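> I would like to see how this sequence folds:
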Amino acid sequence: MTANDPGRHPDRHPDQHPEKDRPWVMRTYAGHSTAAASNALYRTNLAKGQTGLSVAFDLPTQTGYDPDESLSRGEVGKVGVPIPHLGEMRRLFEDIPLSEMNTSMTINATAMWLLALYQVVAEEQDPQADPSQVAHRLTGTTQNDIVKEYLSRGTYVFPPEHSLRLITDLIAYTVSEIPSWNPINISSYHLQEAGATPTQELAYALCTAISVLDAVKASGQVADDDFGKVVGRISFFVNAGVRFVEEMCKMRAFVELWDELTRERYGVLDPAMRRFRYGVQVNSLGLTEAQPENNVPRIVLEMLGVTLSKGARARAVQLPAWNEALGLPRPWDQQWSLRLQQVLAFESDLLEYDDLFAGSRVVEAKVAELVAGARAEMDRVQALGGAVAAVESGYMKQELVSSHAARRARIESGEEIVVGVNRYQETAPSPLTADLDTAVQAADPEAERAAVESLRAWRAQRDEPAVTEALARLAADAKTEANLMPATLAAARAGATTGEWTTTLREVFGEFRAPTGVGGAVAVTAAGRAADELAAVRRRVRETGAELGGRLRLLVGKPGLDGHSNGAEQVAVRARDAGFEVVYQGIRLTPEQIVAAAVAEDVHCVGLSILSGSHMELVPAVLVAMEEAGIGEVPVVVGGIIPESDARRLIEAGVSAVYTPKDFGLTEIMNGIVEVIREAYDLV
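Below you'll find the model as predicted:
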């Protein structure tokens, strides 16, 4: 290396260390059980060197239900922290000065409400300061990307047009009142989890950005001179898979496309406002239950894809833990993931050099390929009327389900290798999983009871007329074009609850059920051994149906609030391809609704998919409801992230089979379901 190399300073001796760039913000995605327990975890992680917070909320909070509502049953405190009112938000951030903190909140449908609670707590922490000054000091992000909720994650509430109105109002408010806040984090992360190719991830995220920016401009709430500030506060949340060269090139393509889009479509001239700003959580889809120790090198490779390239480096990184395919990570597991970041940032020399890939012919060619593919897919979506129209028509969802099905087929055929899963399965016993019951953290079984008691106590001490008045104002404003953030802040200060805020808007806006994408998903053409296996299962499905007097019918159900429907959709698609008649009504159903569908459709098997950890509450509820409905003889199979001890308990309770992430062969699962049906109906 010579003095003219761009990575060296010509006036510095070769033995001297170059000045380092500032490292990215380091986070761990965390929150569970109760606000007090999560607060203790946050303070511990900050003491270990974490430089920002990333808050996980439980599903009732994300979907706008209070802990005592029927759909919240079994879900409180499971995948995040319950925040039903201002008092719990105070507990969540006790002794954490919000004016000095960079906080990311993974919240979408209820983003406006949670930011209002956050702002009020920040004001209360600094009562001597003017509230406006406090708000101007706040830094952080609300995810607030509802489009990807319709496509992949499922925590939507309102119809698209009204959801877009809430996003627009929040952006317009923060640009003037919380100018250092990112009011939306357009999230391609969940698109990749739902099966998106890099091209689709680029295209659909950028089309979402176009829909949001166009809506803000059309609302007239932001002056033309300030529109560059809106663009400058748009951030992205992306996924990085294990194909780290392709993923790194994807990020460079994002930078190029975003710069082009904001300059040409929106006329933003300031390069600083056009900068592509993103945080990342590396891929959880590829984490395996089999040989979970392999997840550590996967996570490191995925982190490199978003950190090695200075020109497209993440501004914030959060890493999953090695055992997330097994269950809830423990504090030590999260610490390990934090240490991975710290070793790269502080021990290596990565941050001492300019972009390592500038001028690379290989990288430039791959970036150009991704840019061209993304432009073509963006044109298709825009021709349909944009991202919202492509959600309502089902186009984007259908494309994602098809892409995911193709990926699953590649894994099953061995074309796509997953070490420890479909290749190199021989292994020595792992000391990390010697005791599976202690390899993950169990959610506090008392969390739901504590949340309900806290909610009752909160309602008992608040000023009820003030709450009624604040919610009436919210409803009235929702029927006009008024920005809803002032009324939302008033409701937060008055003591309204998460469920009350959402219910008030539901009554004005209505609700929405997104297309499942299953009906129009393209069947994967199997070849070789995979084709023979699928053909054999088809014969068994056909023959078993004939013995029972008709076509075999399988109900695929998603009880509770778990919106991660990717697995259920893939089961439904493969079951259809195997010859089953499939009943799949989408996400967020009560046990009673699932049983009613099973009775109405006279199904031969009920399959339940639960990834939120609420299987021990919801599955027994379905079994009881089936007995009461007179269909207790219909077999039930369950899939999800289910610890071995829980799987045994479910079998003892009457479940016929339990499938977890280690059971990656969908055709094999179909064969197992046929066997379950034959046993249940005494077929030899």
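> so where's the stretch 301-450 of the chain shaky on pLDDT?
Judged against pLDDT under 70, the stretch 301-450 of the chain has no low-scoring part.
> any idea where the helices of it begin and end?
Ranges of helices in the stretch 301-450 of the chain, per DSSP state H, counting those that start in this stretch, are 331-342, 361-383, 387-392, 395-413, 447-461.
> what of the stretch 1-150 of the chain?
Secondary structure of the stretch 1-150 of the chain by DSSP H, counting those that start in this stretch: the helices cover 35-47, 59-63, 86-92, 111-125, 131-137, 147-148.
> which one of the ones you listed lies nearest to M303?
Closest approach to M303 among the helices of the stretch 1-150 of the chain (C-beta to C-beta): helix 35-47, 17.6 Å. Yep, even glycine has a C-beta here, placed from its N, CA and C like the rest.
> rewinding a little: tell me which of the helices of the stretch 301-450 of the chain sits most buried.
The highest mean neighbour count among the helices of the stretch 301-450 of the chain, using mean count of other C-beta atoms under 10 Å, belongs to helix 387-392: a mean of 23.
> does anything pack onto it? Which helices or strands?
helix 147-148, helix 160-177, helix 198-219, helix 395-413 (3 or more C-beta pairs under 8 Å, 6 or more residues apart in numbering; DSSP states H and E).
> where does the protein have low pLDDT?
1-18, 517, 519-528, 684.
> give me the nearest residue to V300, chain neighbours excluded.
The shortest distance from V300 to any residue other than its chain neighbours is 6.0 Å, reached at L340 (C-beta to C-beta, 6 or more residues apart in numbering).
> so what's the one you found up against?
Neighbour list for L340: 296, 299-300, 303, 319 [criterion: C-beta atoms under 8 Å, 6 or more residues apart in numbering].
> turn those residues into a markdown table, including neighbour count and distance to V238.
Putting these into a markdown table (neighbours: other C-beta atoms under 10 Å; distance: C-beta to C-beta, whole Å) gives the following:
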| residue | neighbour count | distance to V238 |
| --- | --- | --- |
| V296 | 16 | 21 |
| I299 | 26 | 15 |
| V300 | 17 | 17 |
| M303 | 22 | 12 |
| L319 | 26 | 14 |
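> from those residues, which two are the most distant?
Using C-beta to C-beta, those span at most 10.8 Å, a distance reached by V296 and M303.
> nearest to D95 among the helices and strands packed on helix 387-392 would be which one?
Shortest distance between D95 and the helices and strands packed on helix 387-392, using C-beta to C-beta, is found for helix 160-177: 25.6 Å.
> follow-up on the earlier one: TSV please, covering the helices of the stretch 1-150 of the chain and showing distance to Y278.
Output for these, formatted as TSV (distance: least, C-beta to C-beta, whole Å):
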stretch	distance to Y278
helix 35-47	22
helix 59-63	22
helix 86-92	25
helix 111-125	18
helix 131-137	23
helix 147-148	14
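> out of those helices, the one nearest L484 is which?
helix 111-125 (6.5 Å).
> tilt between the closest one and helix 160-177?
Here helix 111-125 points in a direction 30 degrees away from that of helix 160-177 (axes from the mean of the first three to the mean of the last three C-alpha atoms, to 10 degrees).
> rewinding a little: and H85, which of the helices and strands packed on helix 387-392 is closest to it?
With C-beta to C-beta as the measure, helix 160-177 is the member of those nearest H85 (19.6 Å).
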